[in-house]
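>>> sequence and computational prediction follow.
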Amino acid sequence: MTAVLASSRPARLRVRGPRWGPPIWIGCLLLPACLGPQPQASGDSGSARGAGGLLYESQEALVLWRPELDPPRALASLEGVGLDGLSWAPTLDRFAYASNREGPWRLYVGTEDGRHRRLERSRDDFIVDVAWSPDGRYIAYQVDGFEIGADWVMVVSPDGEERRRLTPELGCDSYPSWSPDGRELAVAAMVAQEIQSQHDVIWVERQAELEVIDVETGARRRLTSLGLEVEELAWSPDGAWIAFQAAGELFVVSPQGGAARRLASGLAGHGVPAWSPDSQRIVFLARALDESGEPAQRRDDWVVLTLGAGARRFRGAAHIWGFGWTPDGARVYRVEGQRLLVVDPLTGDEELLVSELDDSSASAWR
């Protein structure tokens, strides 16, 4: 048997099935001021605004939580199936996700009253990184092919009538992230690949750079030339920056061009960074290290980094399945094992909101 080792797909925050990567840190960086009835399939224009809330995946159901929902509401059965890429519509009345609940992986739109509309089927490949555009016109997603270098990005309208592939036929794109106006997508575009083989082991070295795609015209512009593997992209809500990971370090770059700025290094970062609503802070993941510099076991730490003021580290716990900012931007939430907690990013003070959850691997809070 030939083993295939690919350097381009480190463990992501999203988890397909009951799987988890190495222990992690969570860091917060303060930037300088520089299948029944189907939901209505119209665009977001004129739609009634919903209440939103926290969507999360349990081992048996897709669940919605808000403070007034006691107990949390199960929206779909997931017993024996997988789910990926939860994303709210900008009007918070619908959400998109990918699941293999009907066999092959497909894209769905659901509502909190339990209606689900199937939009797309992706053969036998995974659909991942689902993202509803801020203007409501499209849902972007990545088809994560099983073949090496076979990932591509698609957009589909919420009614399923319009769908387009944005990745060239021989290209490879991943980690789609919307601009705040919904006109462009940032992607990690593979620009080079080297395959080596020795003793029945294939080692794949890739180089990916950050590119921005005009969704309507397909025109591209390249923003980085780092010679590394750019991954885990996140466009800031104010549109001024795109954050990304490369070689375990956190960078930002202006979508208008210019040199990428390294914000954090030496933390072995991974996971898609999460911007605060005011675009001033980033929550990200980084592997916790022990005193010898090796990955720590069974421990996740909070590290708060403030430019010009150093770092502050808070002891955490294992099995963080999801994280991001509360809608008001005041605190960070995390889905940790069977608990939902919110944390003050300055003091580390925690508040338990929900307990006795099943272990979760996908979440979205708006």
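On my side now, so go ahead.
>>> so for the host helix or strand of Ser87, mean pLDDT?
With elements taken from DSSP states H and E, the one containing Ser87 is strand 83-88. Per-residue pLDDT over strand 83-88 has a mean of 89.
>>> got the contact list for the helix or strand that it is followed by?
Moving toward the C-terminus from strand 83-88, the next helix or strand (DSSP H and E) is strand 95-99. Here strand 95-99 makes contact (C-beta atoms under 8 Å, 6 or more residues apart in numbering) with 55, 62, 76, 78, 81-89, 105-111, 119, 126-128, 130, 132, 139, 141, 158, 362, 364. All C-beta atoms are positioned from the backbone trio N, CA, C, and that covers glycine.
>>> and the next helix or strand past strand 95-99?
Following strand 95-99 in sequence, per DSSP H and E, is strand 106-110.
>>> return that following strand as CSV; C-alpha atoms alone will do.
Extracted C-alpha coordinates of strand 106-110, given in CSV (Å, rounded to 0.1, in the frame of the first residue of the first chain):
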residue,chain,number,x,y,z
ARG,A,106,-25.1,18.2,-0.5
LEU,A,107,-25.7,21.8,0.2
TYR,A,108,-28.9,22.8,2.2
VAL,A,109,-30.7,25.9,3.3
GLY,A,110,-32.7,25.6,6.5
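>>> what lines up beside the helix or strand just after it in the sheet?
Remark: after strand 106-110, the chain's next helix or strand is strand 116-121, criterion DSSP H and E. Paired strands of strand 116-121, with direction, are strand 106-110 (antiparallel) (DSSP bridges).
>>> tell me the angle the strand holding Ser87 makes with strand 95-99.
Angle of strand 83-88 versus strand 95-99, following axes from the mean of the first three to the mean of the last three C-alpha atoms, to 10 degrees, is 170 degrees.
>>> renumber starting at 539 from here on
Let's use 539 as the start, then, which means that last one is strand 621-626.
>>> what's next to stretch 697-707, contact-wise?
Counting by C-beta under 8 Å, 6+ apart, 579-581, 655, 657-658, 689-695, 711, 723, 725, 751, 753, 756 sit against stretch 697-707.
>>> how far does that stretch stretch from one end to the other?
25 Å (C-alpha to C-alpha, to the nearest Å).
>>> next one: stretch 631-643
End-to-end distance (C-alpha to C-alpha), stretch 631-643: 23 Å.
>>> list the buried ones in it?
631-639, 643 (16 or more other C-beta atoms under 10 Å).
>>> any idea which of the residues you listed is least confident?
Arg639 (81).
>>> how about low-confidence regions in the stretch 589-738 of the chain?
By pLDDT under 70, the weakly predicted segments of the stretch 589-738 of the chain are 597, 659-662, 684-687, 730-738.
>>> neighbours of Gly620, how many?
Using other C-beta atoms under 10 Å, Gly620 has 18 neighbouring residues.
>>> I'd guessed it sits against Glu640; true?
No - with contact defined as C-beta atoms under 8 Å, Gly620 does not reach Glu640; the gap is 11.8 Å.
>>> all the strands of the stretch 689-838 of the chain, in order from the start?
Using DSSP state E, counting those that start in this stretch, the strands of the stretch 689-838 of the chain run over 689-694, 701-703, 711-716, 722-736, 739-752, 758-760, 768-773, 780-784, 787-791, 799-802, 807-813, 819-824.
>>> all set, thanks.
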